[in-house]
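**Student:** got a structure for you, letters missing:
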Ligand SMILES: Nc1ncnc2c1ncn2[C@@H]1O[C@H](COP(=O)(O)OP(=O)(O)OP(=O)(O)O)[C@@H](O)[C@H]1O
Ligand SMILES: Nc1ncnc2c1ncn2[C@@H]1O[C@H](COP(=O)(O)OP(=O)(O)OP(=O)(O)O)[C@@H](O)[C@H]1O
Ligand SMILES: [Mg+2]
Ligand SMILES: [Mg+2]
């Protein structure tokens, strides 16, 4: 499994399995190294502030503790970032995911409330299915604007970003809709084998995506379209279909995230559900090492990025940063993470210690 | 901001014209550069004297472009020294090199497509008036420089609207416009026709008279012998030898470059006399046309036949190829594939009908830079199979391995990133991409551009072999000798239409030139028409 | 083409067969659509065509115009700047706070512009020298500026300074009883200066070159570093200036001002025909883009019958109509 | 178009109303109330949604002036920065009524009256209740009442004022301490996540003070997930009294709610009529608001409109 998900650089450059000291070298050369380091540092900061931070205890047959919360709360960002990774790989961007999440949450909740038997498991499943089906339509819409009409992705998805939240409010009539359905609630708060269900769902999605992209040719074709669309077209790649597919996939991921967020509080507030989640998702993707200019992507990187974002969100109340300073803290962390990831920054730091380092950017 | 070394460190004044043996303008000593695990340059030295044309020779991937980039501050060197006019000095950026009087045309056309021709030529040193750019003055000056090169290109037209060849000419014009003491031309002639090359050489000679030192890279040996005085030969990133051109025979030179005996190309000649024009054509174009790029053109292509397409710059060869492949859609006319009418709406339809097309613009339309060599090779086949049916790893490895060997791609590493390959090797990978799809019709637009002599022979041999095995090939090249050597039939194009079609029994280069010229007008008439297009 | 210049063709033929250069097409289309929309508004709502409505459009969007100008520089160079909204908030806050502390208004203005420009420069340095993706570097800038604003004060601070209020209140009366304000003059002047810089200076042309192909620009020996850092500095400066205009507009500093305004600015630039991939576009287009966004809002407030969600949906639909029509009209003829 | 629909011959009064947005259930209830009351009172309502942005509100008001409405009412996003546009309204002789939130200006002639609740007072009410019930609230009996606060959106007026009022009120009892305070952005999800974190990092939490019901409801979920019983193991105080909050209060999961009434429509129309008729109106009309304990909540829950 892990092999499928290994980021492009690490996974492909070495075809044969490596062992021993070469494994260490490979790990050190892995682009995942720095995001993982950043995550570790963040955890260490938390442990220093609250020594019990990493404690996990068993309660009512499931695990409980900060780490479990982080895993659970990371599910929505992880899902959205997963879809976003593929969209970004094709040189696109999807600003509408937050609105799509809101629509999905709104549809699911109103379907449950409106159903004959509000508490039934079947109701919840039906409602989520309808919500995701609508997300497919929304994704088709985005994909249509981008790949057929040819509108720049940021503007094409801005349309839905603006209108989508309106649609979600239309669905809920602007009210906060509260639902009482255990199955639905379990989607976010439930545990399977002691682990949070939401996290398992997200991880399963990542795994499926990993298999779909890396065990088939989809990943390579997506990357080709993202790196050089014209050359791909001339090589016979159906770039239109691929672009369409990734937007639909992105929308479905966002929808799933929306349903989970709604389930987390058993309610939907169309106005705030998933607000600015697109920025978090994009941040997660980039921290994970996928460039916004399209091309090669790393799913594992995105997972690390999403965990990092969620941990950061947890760190703020944990180390007691006052609300006013949240943003400052975030800014510092983002810059720091990007700096340690930047080969140039590391080179500059190394210059102080050793001889001048050769600068080898990409030629042309 | 970065141009900390902006002060030209050169102290010597312009040397006396004709003085050859003076102190070197530039001396590179023991330069080494390593990219990851690839040692692109290994203690290479280069001496450049004022008033000489110095050829840099070597196979694809020998390190020529890298050496040039090392000199001009694009790459910083791992070790070695660069001495400019007697002082040790390394440039931090291309801007610094330029400020010091080193003017460079890099291998792939490196201009900005969204600006006008004049801006591309003069950006960074535009004439100014009252603090602002004097657009009229800039256009005038660009026009003057273009005139000096005998080019009729509208300076105010957008560069990206011009074909690659014109862009290349503009890049050259940019380089020669400055008062440089060193002019570096990395394969400037790869997409030029004989006429343009002659004009370029004229300019180069004039500059040489003025004492400019010129570095010249080309895979055309004739050109080297025509213009170069001295040469430095590289092989696999190492210095082989520095020689006077006059003291070296062509055969010697080739052997120095490839490090072994050259297989004879002549074997190919006139092996191609199987014009089985009976039976239905595999591909037939009837009155194919597209507004502004191609007028109604007929073409038939039979099994196992190589049709060469000859013509000057902008004569419509590329457009014909693109229409045959469905890369562009035709306004009028129709296509028949094996006698049934087909509309090719996209390259994909063409590929499904076993047609393949390798574009002349490999950077923009071929190379997927951030993918590996293996991925680049498998792309077309994989795309036609659909994403759900990945090619099994074993098959993949076998095919990639085979073609790396068959086409002698270097480095022979399937996992190398495509963008790190030298230009010629990228071209070979693209050829492999199409051969892997086992097409019935292979359309090659300038497949040998920027390819060294050994590789060129390999590719030509490959084409002949494929035709022998029944593949039909449309072969487009600016090099008439090559077209004639390979093709069974020659189609001549001019002014965006087909003007002649001859079986290749006894056609010579001059015959073709006559056909082109006999149709009246000079090549420059073409550029005028073209520049007024937008 | 040759027919056009042939002496035999009449003036009318010349006019009729004149087609503007393809590169101006997006701007022209945007402008035509803007006029069309205004016309449609006039037919639909009373009082819509009153010139004062158009003047108010400028007045109500002067800060956005300035932001869009800065954003145009950044996008033309192939980047993006998400921080501008937050920098506007920071600027209003610095202005309000310093004025409340009794600083001279001029000192306060200078402080705002310097801080904003410095922030922009800082992001530019990160982007160019440390190769951090613009989206991320400026996202950090967004957090930073908003965070600094909170640090100064979470609560809103009114601006009571004499000079500021006078500038805010003073109107310029135009013939016919119409009026406009100095903020509009500043915004329009910014557009003019930017248009000149982009079209006629070496810096401006290099911006286009870097956006067209950065690697080529570097190989051509252009001052890529100066441009790449410079556009963010300019964008920062414009955000600071926009913030001052916003402070004049609202006469207050507030930490929650201008949330999401960067998206408006980006949308305006792109609607104005600038390619997000860089290298193509005009400041004038961005100006029209802002006016289009403003008209959409005027439409909706003239309608007056839309509930909150319908407002959003209507904005989305109008935006859609706009970009689709623009796209179809600028698509290359086959 | 001179015969503007806004000021033509028929006597229907045209009111321009600029709403902050639709950011919460409270706000949509407020909007609904105003729309319904306008209809009932025979007003033509020009409604405009500012989506939380002051500049949009200013634009809307300016557009109302251009449309020559009879009266302008609005709920300012923020207190400051209205002088310019209100001057314009004054010059056009259009009376202005503020709802929900005051504006900060030295020139009180710019508006006729202000109808709305007092956020500081709401905070104080919450604090007072806690002071009065301090003994009960010390759940773990360690002598200290350990409060965690779920703040509204940083910088938003209700968040600032409620925190201020609350802090003021609990000053009187030195046992009561706010040990952690963090923004939950007025949302349930935010409230839940912040509360989860508090539960893991703070020891001996006795009381949660949430700046609105939604964050309180989120906190309830977090508390339940940690195996504690909301309302018993940890006391909860919130503000708003929306339906879901009242239900939780009736169930005893919340201990005390300070009401913040969104149903201002009728009072607003009434005031508008008075202002247009030239009657004197008080400069400040405070909405009638109360507080609820679980018992009271159970009583009124059935007839709550929102
Ligand atoms: N940026 C890079 N990263 C890694 N390897 C590189 C890079 N640039 C060049 N190389 C490698 O360095 C070697 C020399 O390449 P170079 O481009 O200098 O060849 P060249 O002599 O110009 O060939 P050609 O005639 O094909 O242009 C090649 O093996 C190439 O793959
Ligand atoms: N995309 C395009 N838009 C407009 N005109 C074009 C386009 N592509 C080509 N042309 C024009 O069509 C004509 C034929 O060009 P084409 O590239 O087919 O010529 P060519 O013989 O292949 O020349 P080259 O040696 O440059 O490859 C030229 O005048 C060219 O300017
Ligand atoms: Mg080369
Ligand atoms: Mg061609």
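**Tutor:** Looks like it arrived, so ask away. Given the structure is predicted, the values throughout are model-derived calculations rather than measurements. Numbering: from 1, shown residues only, chains lettered A, B, ... in the order given. Ligands and ions are numbered 1, 2, ... in the order given.
**Student:** from residue B:46, how far off is residue A:66?
**Tutor:** 62 Å (CB to CB, to the nearest Å). For glycine as for every other residue, the C-beta is placed from the backbone atoms N, C-alpha and C.
**Student:** swap in residue B:257?
**Tutor:** With CB to CB as the criterion, residue B:257 and residue B:46 are 16 Å apart.
**Student:** with residue D:143 instead?
**Tutor:** 85 Å.
**Student:** which one of the two is surrounded by more residues?
**Tutor:** residue B:46 (22 against 7; other CB atoms under 10 Å in any protein chain shown).
**Student:** that one falls within a helix, correct?
**Tutor:** No: counting by DSSP: H, G, I helix; E, B strand; the rest coil, residue B:46 is not part of a helix but strand.
**Student:** beta partners for it?
**Tutor:** residue B:28 (DSSP bridges).
**Student:** what is the lengthiest helix in chain D packed up against?
**Tutor:** Longest helix in chain D, counting residues (DSSP state H): helix D:25-41. Under the contact criterion of 3 or more CB pairs under 8 Å, 6 or more residues apart in numbering or on different chains; DSSP states H and E, helix D:25-41 touches strand D:14-19, strand D:44-49, helix D:265-276.
**Student:** residues contacting the residue in chain A that chain C sits nearest to?
**Tutor:** Among the residues of chain A, residue A:163 lies closest to chain C, at 2.4 Å counting by CB to the nearest CB. Residue A:163 is in contact with A:99, C:312, C:313, C:315, C:316, C:317, C:319, C:320, counting by CB atoms under 8 Å, 6 or more residues apart in numbering or on different chains.
**Student:** count the neighbours of residue B:336 for me.
**Tutor:** 16.
**Student:** anything in the helix or strand where it lies near chain C?
**Tutor:** For residue B:336, the element it lies in under DSSP states H and E is strand B:332-337. No: Strand B:332-337 stays clear of chain C (CB under 8 Å from any CB of the partner chain), getting no nearer than 12.2 Å.
**Student:** sorry, back to before: which one of the helices and strands packed on helix D:25-41 lies closest to residue A:285?
**Tutor:** strand D:44-49 (32.4 Å; CB to CB).
**Student:** so in that sheet, which strands flank the closest one, and in what orientation?
**Tutor:** According to DSSP bridges, strand D:44-49 has these partners: strand D:14-19 (parallel).
**Student:** so who does whatever residue of the stretch 1-150 of chain C ends up closest to ligand 3 touch?
**Tutor:** The nearest approach of the stretch 1-150 of chain C to ligand 3 comes at residue C:131, 25.2 Å away (CB to the ion). Applying CB under 8 Å, 6+ apart to residue C:131 gives the contacts A:342, A:343, A:344, A:345.
**Student:** neighbours around the last one, how many?
**Tutor:** Residue A:345 is surrounded by 17 other residues when neighbours are defined as other CB under 10 Å.
**Student:** for chain B, what helix or strand is lowest in average pLDDT?
**Tutor:** helix B:523-531 (a mean of 38; mean pLDDT, DSSP states H and E).
**Student:** quick one on the thing from earlier: how close does the residue of chain A closest to chain C get to residue C:320?
**Tutor:** 8 Å.
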